[in-house]
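1. Sequence and predicted model, in that order:
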Amino acid sequence: MGAERVERRLAAILAADVAGYSRLMERDEAGTLARLRTLRRDLIDPKIAEHKGRIVKTTGDGLLIEFPSVVESVACAVAIQREMAARNNATAEDERIQFRVGINSGDVIVEDGDVHGDGVNVAARLEGLAEPGGICVSARVQEDAAGRLDLAFEDMGQQALKNIARPVRAYRVARAAGSSSTRANSGPPLPDKPSIAVLPFANLIGDPEQEYFADGMVEEIITALSRVRWLFVIARNSSFTYKGRAIDVKQVGRELGVRYVLEGSVRKGGNRVRITAQLIDATNGAHLWADRFDGSLEDVFELQDKVALSVAGVIEPTLRAAETRRTAAHPTADFTAYDLYLRALPIFYTLTKEGVLQALALLEQAIARDPNYGPALAWAAMCHLWRYFDDWSDEPEAARRDGIRLAQRALEAAGDDASVVANAALVLGQFGEDIGAMIALVERSLALDPSSARGWYISGLLRLWAGQPDLAIAHVESSLRLSPRERLGAHQSVIGTAHVFKGQFDAAVAELLVAIHERPTNPPPYRSLACCYAHMGRLEEAKEIVARLRSITATIIPSTVHFRNQEHREFFLSGLRLAAGEAM
């Protein structure tokens, strides 16, 4: 008898599995299985049918799907991942179900409804390269899909895949331009000027309680580099998301959208400090420069400047770092005041009542040592702002007066310190000072430091209060480009509220849900979302949001002095009163 004939055909094969499946099952086995069944029924199976796919087989956490068309396979994967991302916005991070997807096109063997062969194996291995929520495809798939779908493909180069003899060229799939999923999975494009991220330096001091000192050194280096107008510098809040992690510099470059990465370490012993640093080209991993800087604690500001000057000189030798040197003045000569300030910032950023009050106490000590220390004055004013608007003061009017007084003192001491000017403008703007003057202040701040993510955020916030929602959205999005891994929720709160005022309620809901997820104890996005739901006629959901708001603050309807646009203020208050069941 002749050999049994083997059925072969060309197909696009999609392999998918759930990232962190074992962890999810250990945490909540029954709940995870129930959610997966719901996803299959409501999303995955309908999408597969819509795109003419056939489920070949399933495992506990995975699917193998055959499509007659490459374009349909990629379109199906993108549709599922986009919907999953939207559903996950309102889900706690450790409870999210995220799929990794790999797609290959090739010749497969068909047997009893199953498929086998190299085409299937490559798809399975590509799935292992994908990030949670991401899609990885072979070069053959990329060639067929490019130009037929509104997608971009990021070349990952030749990949050595397990049990695959030949190297396979792989591509990441980026979503349609402008979507939040694109930014999350593929990272932003490189800007049109030199760009850098300064990663947290390793703390070689040996004492975990001295961690703030190493972090403070990095923050000062970021600030010094940010003053160079031709340099695009990623903000601290994004750089520090890599703290304590083993990192791949190329991946950092992709996720943050920068060409250069600076990393290093800090060692402090007695009165001596040593900083080591190295500059890496994130596009290819090449080491461009490395150096060591030694000095005493009294020379710490000089050491920070030397690092920034050296980095700027490597990136743009012709500049000779003149601009960095010109702006290298420091706001205090008192090292103890500086040390107190460094201790205060990470405590403030806990954004809890206890943290803000502890930070205020440290900042007050710094101000007592140096009454003209601009950054300490500005952040102390910020502490009083939080005390006032989050009901953390037994004497709110005193907190308001102290905030205004310290912000005005900070402006007097600011000189050319962009961050001091911006923070003071925020405090005074929220307490009701002339909004046009505050916008002019933050514009001055951004002229001094165009790479200030916080400056652009504050500008967006002031524009929102001034009744300019389009500019508010644009400026906050500029801030997010400078800090693409920002996870405080404040940016989404501003963008969402701007959409509320523009009457774009669906867009507002999406942003505000993200803001609440990122920081569940922050009242403003709850208020904006309750207002939004009320104006949409979704009163039950509005009341539910108000109930959640009551669990974190006694103030449901706050002071709206910061909303200068009368129409916006009345719209906000009417929606919030309707949601809270109060008389209009």
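-> Yep, it's here.

2. can we go C-alpha only for contacts and neighbour counts from here?
-> Noted.

3. Could you chop the protein up by domain?
-> By the assignment in automatic domain parsing, the chain contains the domains 7-186, 195-326, 487-584.

4. any chance you could map the strands in this protein?
-> 7-18, 54-58, 62-67, 99-111, 114-116, 135-138, 152-159, 168-174, 195-198, 202-203, 232-233, 260-269, 272-281, 286-296 (DSSP state E).

5. for the record, mean pLDDT for the second one?
-> Per-region confidence: strand 54-58 scores 91 on mean pLDDT.

6. What residues of that strand count as buried?
-> Arg54, Ile55 (16 or more other C-alpha atoms under 10 Å).

7. got a list of contacts for that strand?
-> By C-alpha atoms under 8 Å, 6 or more residues apart in numbering, the residues outside strand 54-58 that reach it are Ile48, Leu63, Leu64, Ile65, Glu66, Phe67, Gly113, Asp114, Val115.

8. Quick one: residues contacting the second one.
-> So that's Leu63. Leu14, Ala15, Ala16, Asp17, Ile55, Val56, Lys57.

9. Next one, pLDDT for it please.
-> 91.

10. From Leu43, how far off is it?
-> For Leu63, the distance to Leu43 equals 14 Å [C-alpha to C-alpha, to the nearest Å].

11. which one of the strands of the chain is the most hemmed in?
-> strand 135-138 (a mean of 28; mean count of other C-alpha atoms under 10 Å).

12. Could I get the average pLDDT for it?
-> Rounded mean pLDDT across strand 135-138 is 92.

13. Which strands or helices does it pack on?
-> strand 99-111, helix 118-129, strand 168-174 (3 or more C-alpha pairs under 8 Å, 6 or more residues apart in numbering; DSSP states H and E).

14. Tell me what the closest residue to Leu64 other than its chain neighbours is bridged to.
-> Among residues not flanking Leu64 along the chain, Ala15 sits closest, at 4.8 Å (C-alpha to C-alpha, 6 or more residues apart in numbering). Under DSSP bridges, the beta-bridge partners of Ala15 are Leu64, Gly102.

15. returning to what we had before: adding distance to Pro331, write the contacts of strand 54-58 out as CSV.
-> Below are the contacts of strand 54-58 laid out as CSV (distance: C-alpha to C-alpha, whole Å):
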residue, distance to Pro331
Ile48, 60
Leu63, 59
Leu64, 61
Ile65, 61
Glu66, 64
Phe67, 63
Gly113, 72
Asp114, 70
Val115, 68
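
16. Return, as residue ranges, the portions of the chain with sub-threshold pLDDT.
-> 1-6, 90, 93, 175-187, 206, 309, 311-330, 487, 583-584 (pLDDT under 70).

17. contacting residues for Leu256?
-> Gly187, Pro188, Ala197, Ile234, Ser238, Ser483, Pro484, Arg485.

18. Just the closest of those residues to Asp291, please.
-> Nearest to Asp291 among the contacts of Leu256: Ala197, at 17.5 Å, using C-alpha to C-alpha.

19. Return the distance of that closest one relative to Asn237.
-> 11 Å.

20. what do you get for Gly489?
-> From Gly489 to Asn237 the distance is 12 Å (C-alpha to C-alpha).

21. With Ser493 instead?
-> From Ser493 to Asn237 the distance is 17 Å (C-alpha to C-alpha).

22. Between the two, point out the one with more neighbours.
-> Neighbour totals were compared for Ser493 and Asn237, and Ser493 leads with 27 against 18 (other C-alpha atoms under 10 Å).

23. What residues does that one make contact with?
-> Here Ser493 is in contact with Glu511, Leu512, Ala515, Pro524, Pro525, Ser528 (C-alpha under 8 Å, 6+ apart).

24. repeat that with 6 Å
-> Leu512, Ala515, Pro525 (C-alpha atoms under 6 Å, 6 or more residues apart in numbering).

25. So which of those residues sit within helices?
-> Counted as lying in helices by DSSP state H, out of the contacts of Ser493, are Leu512, Ala515, Pro525.

26. Just put these in TSV and tack on neighbour count and distance to Glu143.
-> Below are the ones in helices among the contacts of Ser493 laid out as TSV (neighbours: other C-alpha atoms under 10 Å; distance: C-alpha to C-alpha, whole Å):
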residue	neighbour count	distance to Glu143
Leu512	32	38
Ala515	27	38
Pro525	29	43
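
27. and which of the residues you listed is nearest to Ile164?
-> The closest of the ones in helices among the contacts of Ser493, once distances to Ile164 are taken by C-alpha to C-alpha, is Ala515, at 43.5 Å.

28. what sits up against stretch 94-108?
-> Contacts for stretch 94-108 (C-alpha under 6 Å, 6+ apart): 8-19, 88, 116-117, 119, 123, 126-127, 130, 132-138, 141.

29. Kindly apply the preceding question to stretch 205-219 instead.
-> With C-alpha under 6 Å, 6+ apart, stretch 205-219 has contacts from Asn203, Val266, Arg267, Lys268, Leu342.

30. among the residues you listed, which two are most distant?
-> Applying C-alpha to C-alpha across the contacts of stretch 205-219, the maximum distance is between Arg267 and Leu342, 16.3 Å.

31. For burial, what's the neighbour tally of Arg577?
-> 17.

32. how much space between it and Ile516?
-> 20 Å.

33. likewise Leu297?
-> Distance from Leu297 to Ile516, by C-alpha to C-alpha: 42 Å.

34. ok, now which ones touch His51?
-> Glu72.

35. Then Asp155?
-> Asp155 neighbours (C-alpha under 6 Å, 6+ apart): Tyr171.

36. rerun at 8 Å
-> Contacts of Asp155 (C-alpha under 8 Å, 6+ apart): Arg169, Ala170, Tyr171, Arg172.

37. Turn those into TSV, including distance to Val442.
-> Below are the contacts of Asp155 laid out as TSV (distance: C-alpha to C-alpha, whole Å):
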residue	distance to Val442
Arg169	47
Ala170	44
Tyr171	41
Arg172	39
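
38. right, and out of those residues, which lies closest to Asp28?
-> Closest to Asp28, out of all of the contacts of Asp155 and judged by C-alpha to C-alpha, is Arg172, at 31.2 Å.

39. Could you give the bridge partners of the closest one?
-> Here Arg172, judged by DSSP bridges, has bridge partners Cys136, Glu154.

40. so how far is Ser138 from it?
-> 9 Å.

41. Kindly report the same for Ser419.
-> From Ser419 to Ser138 the distance is 46 Å (C-alpha to C-alpha).

42. Same question for Leu426.
-> 49 Å.

43. next one: Ala515
-> 36 Å.

44. same question, Thr241
-> On the measure of C-alpha to C-alpha, Thr241 and Ser138 end up 30 Å apart.

45. Could you do Asp305 as well?
-> For Asp305, the distance to Ser138 - C-alpha to C-alpha - is 46 Å.

46. likewise Arg166?
-> Taken as C-alpha to C-alpha, the span from Arg166 to Ser138 is 13 Å.

47. With Val273 instead?
-> 49 Å.

48. Check Ile222 too.
-> 39 Å.

49. Equivalent analysis for Arg550, please.
-> For Arg550 relative to Ser138 (C-alpha to C-alpha), the value is 51 Å.

50. Thr59 too?
-> In terms of C-alpha to C-alpha, Thr59 sits 23 Å off from Ser138.

51. OK, contacts around the residue nearest to Cys531 when sequence neighbours are not counted?
-> Spatial nearest neighbour of Cys531, excluding adjacent residues (C-alpha to C-alpha, 6+ apart): Gly575 at 4.1 Å. Gly575 makes contacts with Ala530, Cys531, Cys532, Ala534, His535, as judged by C-alpha under 8 Å, 6+ apart.

52. Looking at those, spot the one nearest Val71.
-> Nearest member of those to Val71, counting by C-alpha to C-alpha, is Cys532, at 38.0 Å.

53. Please report how far Asp107 lies from Ile55.
-> Counting by C-alpha to C-alpha, the gap from Asp107 to Ile55 is 17 Å.
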